[in-house]
Structures are given as C-alpha cells and as structure tokens.
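*Asks:* Any chance you can model this:
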Amino acid sequence: RETLATVVDRGVIPGIESQQNWLYPPGSYVAEYADLLRQSAETRDIALALLHRVLVREQTCAFAWHVLGDLLSSEMDTGGALLAYRIAACLADSWEHYARAYCDALGNCGRSEEGLKWLEERVRRFGSSSRAVSPWTTWIGALEQWGRPQEALRATEESLDRYPDSAELLAFVVSFAARMGQWERAGALLGRLAAAGNPALFHKAAVAFYRMRGDLDQSIQHAYDCVRESPLSTEACGDLLQLIAKRDGAVAAMDLASRWLGDHPGHDGFEQLYSHQLDRLALSQYRKYSLLLRRSRRNPQDGWTWRELVFFCCPEYQSTDDRRRGRLAIRINRFLQQCQRISPEAPATLRAQAMWSEASGKWSEAREGWLASIRREPESLYAYEHALNCLARFEAAERKRAWEEISRLLPTYSGRLFAARYNAMRAAEMFGFALAEQSVARWATLRPDDPEVLEARV
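*Replies:* Prediction:
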C-alpha cells in the first residue's frame with residue numbers, strides 16, 4: 001500500500017520508468033491503490049474519491065469500475081454496485097472474474113435468471129473461438145452455484161463437443177462431473193487430461209477427483225505434485241494440509257504448515273494456514289496467540305487478525321475465574337475496537353461482536369448480532385449454530401419470529417444449502433417437525449435440485 005501511495009501521490013514507478021513524467025498516474029495503479037484503501041472503513045472515503053477522479057479521466061478503466069463495484073457493494077449500495085460491475089464486465093469482456101462478479105451481484109438481488117442468461121449470451125458471442133473456453137467454465141460454474149445442475153450438465157456436454165482437447169475445460173469438468181456423481185465419466189476425462197500435457201491442471205483435477213472418491217493416498221500424492229508445480233499457491237498448500245490432517249493427523253499437518261511458514265516468514269497466506277492447523281490442537285493455542293499478536297503489530301489494518309484475536313479470547317473468558325475475566329474483557333474490547341475501525345459492517349466482525357455478547361451473557365445482543373451476520377452472509381453455518389443456541393433462551397414467540405427470518409434468508413445465497421439439514425433438525429427440536437417441514441418445503445420450491453435440501457426434507 002505504501003509503494004502504491006508513492007506511485008499515485010508522487011508519480012514515481014520503481015525501476016526503468018522512474019524518470020517518466022506524468023500529468024496523472026495511470027488508472028490501473030490508482031485502482032489497485034483504492035482496492036487496498038477500500039478494505040478499511042477509515043480510508044474508504046479516500047478510495048471513493050480516488051476512483052471518482054480516475055474515472056473522470058479514464059472512463060474505460062475496467063479495473064477502476066470493478067473496484068468501485070466492490071466498494072459500493074460493501075456499503076450495500078446495490079444499484080450502484082450493479083451498474084459498476086456491469087460496466088467493468090462490458091469494458092473487459094475477456095476477464096472472467098468481472099463477468100462472474102456481475103452475474104453473482106444480479107443473483108444476490110434476486111435476479112439470478114438474468115445473470116445466468118447474460119453469461120450464456122456472452123458464451124454465444126465468443127462463438128467457436130479458443131477464447132470461449134473460459135466463458136464456458138464461468139457459465140457452467142455459475143449454473144451449478146445458482147442451483148441449476150441439470151442445465152450445467154447440458155452446457156458441459158455442449159462445451160466438450162466444441163473443445164474436446166482443451167486442458168482448461170477438461171480440468172474443470174473432471175471435478176464438476178465427480179460432484180455430480182458421474183465417476184466413470186470423470187475418470188475417463190481425467191485420463192484425457194493426463195495426456196493433454198498440462199501437469200499443473202492435471203494434478204489439481206486429480207486432487208479433487210480422488211478426494212471425493214475417498215482415496216486419500218492418491219489425492220495426497222497429487223496434492224504434493226500440485227505444491228511442487230505451484231509452491232507459493234496457498235490454495236494448493238491448503239488442500240494438502242487438509243488431506244494430511246485426515247490421513248496422518250493434526251500434528252503432522254501442523255508440522256508441515258510450520259515448515260512452510262519458516263520458509264516464508266511474514267507471509268500472510270502461510271500464516272493463516274498455520275493458524276488453521278493450530279486450531280486443531282488445544283495444546284498449541286499459545287503459539288496461535290503469539291502469531292496473531294505479531295501479525296497485528298506488523299499490519300494494524302489486517303481485520304482478519306483482530307477478529308481472530310476476539311474469537312481466540314472469548315472461550316478463555318468463559319472458562320476462567322473472575323479476576324482474569326476483568327483483564328480479558330479489557331483486551332477483547334480493545335480488539336473489537338480495531339475490528340470496528342477497519343470493517344464494522346463485515347459479517348465476520350458482526351460474528352465477533354456477537355460472540356463477545358454471548359460470552360458475556362448479553363443474550364439479546366448476541367441474538368441480534370448473529371442474525372445480522374446471517375443477513376449479510378447467509379452461507380455461514382457457524383452463525384446458524386450460534387443463532388439457534390441463543391434462540392433456545394427466549395420465549396416461544398421470539399424463537400419463532402427469528403426462525404421465520406432465518407428460514408427466508410437461507411435459500412437466498414448461491415451454492416448448495418449445506419446448512420439445510422442441520423437447521424431442519426434443530427428447528428424440529430425447538431419448534432416441532434411440522435414447522436421444520438414447512439420451512440424445508442419452502443426451501444425446496446426455491447431450490448428444487450439442491451441435494452442438501454432434498455436430504456433435509458427426507
């Protein structure tokens with residue numbers, strides 16, 4: 001951020017362009033700088049001003065329009081965000097991230113049909129060009145994510161007919177076919193991908209295929225190959241750690257994460273991987289606390305770190321004596337102040353505040369906090385668990401009112417409703433099977449092809 005500030009404010013690029021004179025810094029640098037500033041509530045107004053200025057000068061800067069969409073979306077300005085995402089996607093029609101962001105923004109407004117239709121028209125517009133492979137995978141992925149698996153399967157068949165030898169398409173379809181339970185087809189496509197000459201894509205697809213089949217040894221071998229192909233990919237490293245933890249245990253996974261962190265000190269991604277592994281081991285909690293404190297000093301703008309400190313301290317507050325509780329309360333409130341300073345509206349910040357309210361016995365505040373986080377992020381099973389635990393402490397009428405809100409919110413996000421079965425069973429415990437079945441029937445009308453909903457109804 002400091003380097004980009006130097007570029008934007010002083011117009012100096014490190015290296016061979018350092019002597020270049022500008023009237024204005026290029027829009028891409030300004031947009032990247034604004035993208036960092038928008039992530040903190042303290043500097044969001046500065047980011048907005050920078051984006052407005054650059055878009056007056058460079059109306060065709062797609063990056064700036066997309067960052068503006070992200071900023072407006074975080075402020076719940078739905079109309080403004082949709083417009084900005086649409087402009088970005090049209091200006092840079094080959095950028096898949098922009099296209100998918102516009103589709104998802106429409107879906108989040110209850111207009112998923114419009115977003116999916118737009119992606120399909122985009123695919124048709126590319127025709128038989130080799131550039132159309134990525135638009136196909138974007139469209140198919142959106143169809144699956146927004147609850148249209150049958151349409152996604154038909155689109156997959158059509159795309160394979162057009163591009164039977166595309167390694168990018170084969171890698172995508174292998175994991176998709178496996179998720180759809182088409183094991184023989186996925187295995188055959190994996191064999192074709194192995195012969196396509198792209199080892200990075202092959203190993204990544206093989207990890208997903210064998211993990212879903214439950215073959216941990218094969219999956220781990222390919223995960224190691226993925227890490228060798230992309231040693232700085234935290235996604236590849238995270239997949240390997242999850243598999244190691246399942247086969248060899250949490251200690252083995254933590255040791256591997258610790259070695260990676262030692263090789264890359266101060267790397268945010270490897271620190272988060274290491275932190276997740278420490279969560280599995282109760283005896284290693286002091287290490288996590290020390291890691292988080294060091295990270296907060298290195299980057300006070302890191303909202304994830306401050307929230308993790310709150311989540312770390314709340315269980316200790318609940319289990320310790322009164323004398324230590326006083327010191328912990330001061331510490332937790334200080335961490336929460338930092339969360340509020342950086343991202344007060346973020347779902348994770350709302351969850352951190354709700355967790356502290358729950359730990360300190362403020363059940364009404366905790367209930368409202370968990371419900372507020374669900375409104376912002378309906379896919380968080382963690383929030384549902386705590387919200388329902390809080391509701392058990394209230395009168396029947398209040399519990400029912402809150403459940404009705406949860407029941408309406410749950411089907412509104414993209415992806416499989418993995419929380420459906422859990423919530424249906426908890427609702428049956430709290431309200432009786434009639435109300436639970438009524439809610440699941442409502443979900444089924446909105447998401448008829450979602451396997452989690454079907455299982456919940458059974």
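*Asks:* how about low-confidence regions in the stretch 201-350 of the chain?
*Replies:* 283 (pLDDT under 70).
*Asks:* at 50 instead, please
*Replies:* In the prediction, the stretch 201-350 of the chain carries no residues with pLDDT under 50.
*Asks:* For it, just list every one of the helices.
*Replies:* 216-229, 234-248, 250-263, 268-278, 285-298, 303-319, 322-342, 347-359 (DSSP state H, counting those that start in this stretch).
*Asks:* winner for burial among those?
*Replies:* Among the helices of the stretch 201-350 of the chain, helix 347-359 has the highest mean neighbour count (mean count of other Cβ atoms under 10 Å), at a mean of 23. Yep, even glycine has a C-beta here, placed from its N, CA and C like the rest.
*Asks:* quick one, it and helix 322-342 angle?
*Replies:* Taking axes from the mean of the first three to the mean of the last three Cα atoms, to 10 degrees, helix 347-359 and helix 322-342 form an angle of 160 degrees between their directions.
*Asks:* so how far is D263 from A250?
*Replies:* A250 is 21 Å from D263, where distance means Cβ to Cβ, to the nearest Å.
*Asks:* what do you get for A88?
*Replies:* Applying Cβ to Cβ to A88 and D263 gives a distance of 37 Å.
*Asks:* Check H52 too.
*Replies:* 42 Å.
*Asks:* same question, F335
*Replies:* Distance of F335 to D263, given as Cβ to Cβ: 29 Å.
*Asks:* next one: R125
*Replies:* Counting by Cβ to Cβ, the gap from R125 to D263 is 45 Å.
*Asks:* Would you mind listing the residues in contact with the closest residue to D217 other than its chain neighbours?
*Replies:* With sequence-adjacent residues excluded and distances taken as Cβ to Cβ, 6 or more residues apart in numbering, D217 is closest to R247, at 7.5 Å. Each residue near R247 by Cβ atoms under 8 Å, 6 or more residues apart in numbering is listed here: 216-217, 220.
*Asks:* Report how many residues lie close to R131.
*Replies:* R131 has 10 neighbours, counted by other Cβ atoms under 10 Å.
*Asks:* Ignore what I typed, I meant G266.
*Replies:* 11.
*Asks:* contact partners of the strand or helix carrying A64?
*Replies:* Using DSSP states H and E, the element containing A64 is helix 62-74. For helix 62-74, contacts defined as Cβ under 8 Å, 6+ apart pick out 27-28, 30-32, 34-35, 38, 44, 47-48, 51, 54-55, 58, 80-85, 87-89, 91-92, 95, 97-98, 101, 105, 345-346.
*Asks:* so how far is it from its chain's centroid?
*Replies:* Its chain's C-alpha centre and that of helix 62-74 lie 17 Å apart, by Cα atoms, centre = their mean, to the nearest Å.
*Asks:* Tell me which helix or strand comes right after it.
*Replies:* helix 78-91.
*Asks:* residues of whichever helix or strand comes after that following helix that come out buried?
*Replies:* Downstream of helix 78-91, the next assigned helix or strand under DSSP H and E is helix 96-108. Residues of helix 96-108 classed as buried by neighbour count (16 or more other Cβ atoms under 10 Å): 96, 98-108.
*Asks:* Identify the residues contacting the residue lying closest to S40 once chain neighbours are set aside.
*Replies:* Beyond its immediate neighbours in the sequence, the residue positioned closest to S40 (Cβ to Cβ, 6+ apart) is I342, lying 4.8 Å away. By Cβ under 8 Å, 6+ apart, I342 lies in contact with 39-42, 301-303, 306, 349.
*Asks:* repeat that with 10 Å
*Replies:* Residues near I342 by Cβ atoms under 10 Å, 6 or more residues apart in numbering: 39-43, 300-307, 349.
*Asks:* Same question for C339.
*Replies:* Contacts of C339 (Cβ under 10 Å, 6+ apart): 303-307, 309-310, 346, 348-350, 352-353, 356.
*Asks:* how close does it sit to V453?
*Replies:* Using Cβ to Cβ, which is the criterion applied here, C339 is 34 Å from V453.
*Asks:* and what of V207?
*Replies:* Taken as Cβ to Cβ, the span from V207 to V453 is 28 Å.
*Asks:* likewise S290?
*Replies:* Using Cβ to Cβ, S290 is found at 43 Å from V453.
*Asks:* try A89
*Replies:* With Cβ to Cβ as the criterion, A89 and V453 are 30 Å apart.
*Asks:* again with L68
*Replies:* For L68, the distance to V453 - Cβ to Cβ - is 36 Å.
*Asks:* Tell me which of those two has more neighbours.
*Replies:* L68 (29 against 26).
*Asks:* Wait, F209 touches L170, no?
*Replies:* No. If you go by Cβ atoms under 10 Å, F209 and L170 don't touch, sitting 11.5 Å apart.
*Asks:* Could you pull out the residues contacting both of those two?
*Replies:* Residues touching both F209 and L170 (Cβ under 10 Å, 6+ apart): 189-190, 193.
*Asks:* Would you tell me which one of those residues comes nearest to A444?
*Replies:* L189 (31.3 Å; Cβ to Cβ).
*Asks:* So what's the residue count around the nearest residue to the closest one once chain neighbours are set aside?
*Replies:* Nearest non-adjacent residue to L189, counting by Cβ to Cβ, 6+ apart: V174, 5.0 Å away. By other Cβ under 10 Å, 27 other residues sit near V174.
*Asks:* and V174, what is it in contact with?
*Replies:* 182, 185-193, 201-202, 204-206, 208-209.
*Asks:* at 8 Å instead, please
*Replies:* 186, 189-190, 193, 205-206, 208-209.
*Asks:* before we move on, which element is it in?
*Replies:* Secondary-structure assignment from DSSP H and E places V174 in helix 167-179.
*Asks:* Run the chain-centre distance for that helix.
*Replies:* For helix 167-179 - counting by Cα atoms, centre = their mean - the centre lies 21 Å from the chain centre.
*Asks:* What residues of the strand or helix carrying L193 count as buried?
*Replies:* L193 belongs to helix 183-194 when elements are defined using DSSP H and E. Buried residues in helix 183-194, defined by neighbour count with 16+ other Cβ under 10 Å: 185-186, 189-190, 192-194.
*Asks:* same check, this time on stretch 366-378
*Replies:* Those would be 366-374, 376-378, for stretch 366-378 by 16+ other Cβ under 10 Å.
*Asks:* Take those and keep only those in strands.
*Replies:* Filtering the buried residues of stretch 366-378 for membership in strands, criterion DSSP state E, returns an empty set.
*Asks:* nearest to D268, of those?
*Replies:* Using Cβ to Cβ, the buried residues of stretch 366-378 come closest to D268 at E377, 21.5 Å.
*Asks:* Quick check: nearest residue in space to that closest one, chain neighbours excluded?
*Replies:* Sequence neighbours aside, P347 is the residue nearest to E377 in space, at 3.7 Å (criterion: Cβ to Cβ, 6+ apart).
*Asks:* Run through the residues that contact that neighbour.
*Replies:* Residues in contact with P347, defined by Cβ under 8 Å, 6+ apart, are 373, 376-377, 380, 383.
*Asks:* Which residue ranges of the stretch 351-458 of the chain form helices?
*Replies:* Using DSSP H, counting those that start in this stretch, helices in the stretch 351-458 of the chain cover 363-376, 381-391, 396-409, 420-431, 433-446, 451-457.
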